[in-house]
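In: Give me a 3D structure for the following:
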Amino acid sequence: MQLNRPATRILTRSLIHSKRVPRPSHAARFLPSRALATQPEAEASQAKPDVPPTPKLSNWPRFLQILGRTTLITLLAGAGTFYYITQRERSPGAQLPFDDAKKTVVILGSGWGSSSLLKTIDTTEYNVVVISPKNFFLFTPLLPSVAVGTLNPRSIIQSTRYITRHKARGVSVIEAEAKDVDHVNKTVTFVDNSEVQGQITSRTIKYDYLVMAVGAEVQTFGIPGVQEHACFMKELADAEKMQKRFMDCIETAAFPGQTNAEQERLLHMVVVGGGPTGIELSGELHDFLEDDLKFWYPELASKIKITLVEALPSVLPMFSKQLIEYTESTFKESKIDIMTKTMVKEVKPNSVILQMPDKSIKELPCGMVVWAGGNKGRKVTNDLMAKLPAEQNNRRGIVVDDYLRMKGADSIFAIGDCSVTPYAPTAQVASQEGAYLARMLVQMAKKDSLEQKLAALETEHQTAANDEDRKRIGDEIEASKSQMAKVKLRPFHYSHQGSLA
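Out: Purely as a prediction, here's the structure:
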């Protein structure tokens, strides 16, 4: 046992002081185990207890802290951005004044084509003047929603001055009606047709480029009673007038004591015209009757009827066959009667006279007739076309080339419903025409600038004092010619984005 004491002492020291013990010889390898077995409990109690491991901290509080800071920064940044954008929209800043050295572009109208042109055109290259009887842009596809009371009239208009106020150069907006265009002297005569007039009501201004975007007016074909008894769907006032007439029919039908025959007449709505306007209006009327009036007038719901009258063999004749079939099937499911190959002969206060496909005459009692039977050119458009009878021989509107330039007058462009193109007269086409014309005007301005620069360089080249100056100017002339060759005017092509009817 005495031989084990040195090994025991060595082991005890190593446990107490946590020192590394040199490796014993081969003979003493088994001594520590024996010493542990015979070690007194007192010496074992003197050893230090093991230190417990440090618990691992959770990342959840740190994540919440980062999330809170990120959310706060995002809210502050969003509020600051919103405040900046709203203030910039309300106060867009100073604009460049009219520059006599720049060419003047006069735009007639404030519809789809002209508004798209205004939004896209670079006013740093031109002085721009807008002449229109309306000082706002009207979102015409939503007119049926105003007519049935779904939308407020002010929600589908945008001020023209709001668009022009955000341009680099100031744009002159004149609320007036264009009366005459002189394509020879390049002048436009316009008059103030508002209810409140001043001492000056007519004026004539000159232009370098004129954009005819006056649209069209309703075509009645001279049918008796259309102007007096039918409602139209062309302007905002037309939609408001139809809304009043429509609700009067409903309330009159609900008046106590009305006979069933009179209720059916009052609740029969006739829409004339199977184009986009007539289709949209019929669908909007049906949705309004089904979604709202059924709950307000449950006793009248079963008596409401909508009839669509079209003189051609099918509705939407300018669209694809697939869309025509879809429209007809949808209307059939909605119980909207479609009467094709049927012509309107007369509109009376309480009925409409129709010529059926078999040439027979039928009187159809109704409470309201909405006329969407087509468009015709305005007087200013017809007068301008009459001055160029050889080139302008289409009664539908102004004939233009592939660059939307009026044939016979190179300084006049025509877009929208007042022009004749291979495309349907829709808002989508007019909007793309306006954007295209704005881009083309920029290219024309670049070309004009290069031509002026080239003319000045050629004059300077002839008066150069020495060969070195001639060589330098000659290099600039070649560079200008190279730049002019890159400026190319591409013809207009409509990009079809889908049909909505």
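
In: Sketch out the helices for the stretch 351-500 of the chain, chain order is fine.
Out: Here the stretch 351-500 of the chain has its helices, by DSSP state H, counting those that start in this stretch, at 379-386, 427-462, 467-486.

In: Kindly state which of the ones you listed is positioned closest to Val315.
Out: Comparison of these against Val315 by C-beta to C-beta identifies helix 427-462 as nearest, at 18.3 Å. (Glycine included, C-beta is placed from N, CA and C.)

In: For the closest one, name the packing helices and strands.
Out: Counting by 3 or more C-beta pairs under 8 Å, 6 or more residues apart in numbering; DSSP states H and E, the packing neighbours recorded for helix 427-462 are strand 103-108, helix 112-120, helix 467-486.

In: Apply 10 Å and report the result again.
Out: In terms of contacts (3 or more C-beta pairs under 10 Å, 6 or more residues apart in numbering; DSSP states H and E), helix 427-462 is packed against strand 103-108, helix 112-120, strand 126-132, strand 209-212, strand 412-414, strand 419-420, helix 467-486.

In: now that helix: how far from the chain's centre is it?
Out: Offset of helix 427-462 from its chain centre (C-alpha atoms, centre = their mean, to the nearest Å): 26 Å.

In: Also stretch 462-471?
Out: Stretch 462-471 has its C-alpha centroid displaced from the chain centroid by 55 Å (C-alpha atoms, centre = their mean).

In: Can you show me the CA trace of that stretch as CSV?
Out: What follows is stretch 462-471, C-alpha atoms only, in CSV (Å, rounded to 0.1, in the frame of the first residue of the first chain):
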residue,chain,number,x,y,z
GLN,A,462,-17.7,78.9,-97.6
THR,A,463,-16.3,81.9,-95.7
ALA,A,464,-13.6,80.0,-93.9
ALA,A,465,-10.3,81.9,-93.7
ASN,A,466,-7.8,79.0,-94.1
ASP,A,467,-7.6,75.3,-94.9
GLU,A,468,-7.5,74.3,-91.3
ASP,A,469,-10.8,75.9,-90.5
ARG,A,470,-12.3,74.4,-93.7
LYS,A,471,-11.2,70.9,-92.7
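
In: Contacts made by that stretch with the rest, please.
Out: Residues outside stretch 462-471 that contact it (C-beta atoms under 10 Å, 6 or more residues apart in numbering): 460-461, 472-474.

In: if you set the cut-off to 6 Å instead, what comes out?
Out: Contacts with stretch 462-471, where a contact means C-beta atoms under 6 Å, 6 or more residues apart in numbering, come from Ile473.

In: Could you do stretch 229-247 as well?
Out: Counting by C-beta under 6 Å, 6+ apart, 138, 143, 146-147, 149, 153, 218, 277, 281, 347, 349, 368-372 sit against stretch 229-247.

In: what is the mean pLDDT for it?
Out: Here stretch 229-247 scores 94 as its mean pLDDT.

In: mind exporting it as PDB, just the C-alpha atoms?
Out: This file holds the C-alpha atoms of stretch 229-247, laid out as PDB (Å, rounded to 0.1, in the frame of the first residue of the first chain):
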ATOM      1  CA  HIS A 229     -86.900  62.200 -77.800                       C
ATOM      2  CA  ALA A 230     -83.700  60.100 -77.600                       C
ATOM      3  CA  CYS A 231     -80.800  60.200 -75.100                       C
ATOM      4  CA  PHE A 232     -77.200  60.200 -76.300                       C
ATOM      5  CA  MET A 233     -74.000  58.900 -74.800                       C
ATOM      6  CA  LYS A 234     -71.300  61.200 -76.100                       C
ATOM      7  CA  GLU A 235     -70.700  63.900 -73.500                       C
ATOM      8  CA  LEU A 236     -70.900  64.100 -69.700                       C
ATOM      9  CA  ALA A 237     -74.200  66.200 -69.900                       C
ATOM     10  CA  ASP A 238     -75.700  63.300 -72.000                       C
ATOM     11  CA  ALA A 239     -74.900  60.800 -69.200                       C
ATOM     12  CA  GLU A 240     -76.500  63.000 -66.600                       C
ATOM     13  CA  LYS A 241     -79.600  63.600 -68.700                       C
ATOM     14  CA  MET A 242     -80.000  59.800 -69.200                       C
ATOM     15  CA  GLN A 243     -79.600  59.200 -65.500                       C
ATOM     16  CA  LYS A 244     -82.400  61.600 -64.700                       C
ATOM     17  CA  ARG A 245     -84.600  60.100 -67.500                       C
ATOM     18  CA  PHE A 246     -83.800  56.500 -66.400                       C
ATOM     19  CA  MET A 247     -84.700  57.100 -62.700                       C
END
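
In: Poorly predicted segments of the stretch 1-150 of the chain, please.
Out: Scanning the stretch 1-150 of the chain for pLDDT under 70 picks out the ranges 1-52, 54-57.

In: Between the helices and strands packed on helix 427-462, which one is closest to Ala438.
Out: Closest among the helices and strands packed on helix 427-462, once you apply C-beta to C-beta, is helix 112-120, at 3.6 Å.

In: thinking again about what came up before, could you dump the helices of the stretch 351-500 of the chain to a markdown table with distance to Ala101 and mean neighbour count?
Out: Below are the helices of the stretch 351-500 of the chain laid out as a markdown table (distance: least, C-beta to C-beta, whole Å; neighbours: other C-beta atoms under 10 Å):
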| stretch | distance to Ala101 | mean neighbour count |
| --- | --- | --- |
| helix 379-386 | 29 | 18 |
| helix 427-462 | 10 | 18 |
| helix 467-486 | 19 | 13 |
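
In: Mean pLDDT and distance to Ile398 added to these, as a markdown table?
Out: Putting the helices of the stretch 351-500 of the chain into a markdown table (pLDDT from 0 to 100; distance: least, C-beta to C-beta, whole Å) gives the following:
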| stretch | mean pLDDT | distance to Ile398 |
| --- | --- | --- |
| helix 379-386 | 97 | 6 |
| helix 427-462 | 93 | 12 |
| helix 467-486 | 89 | 30 |
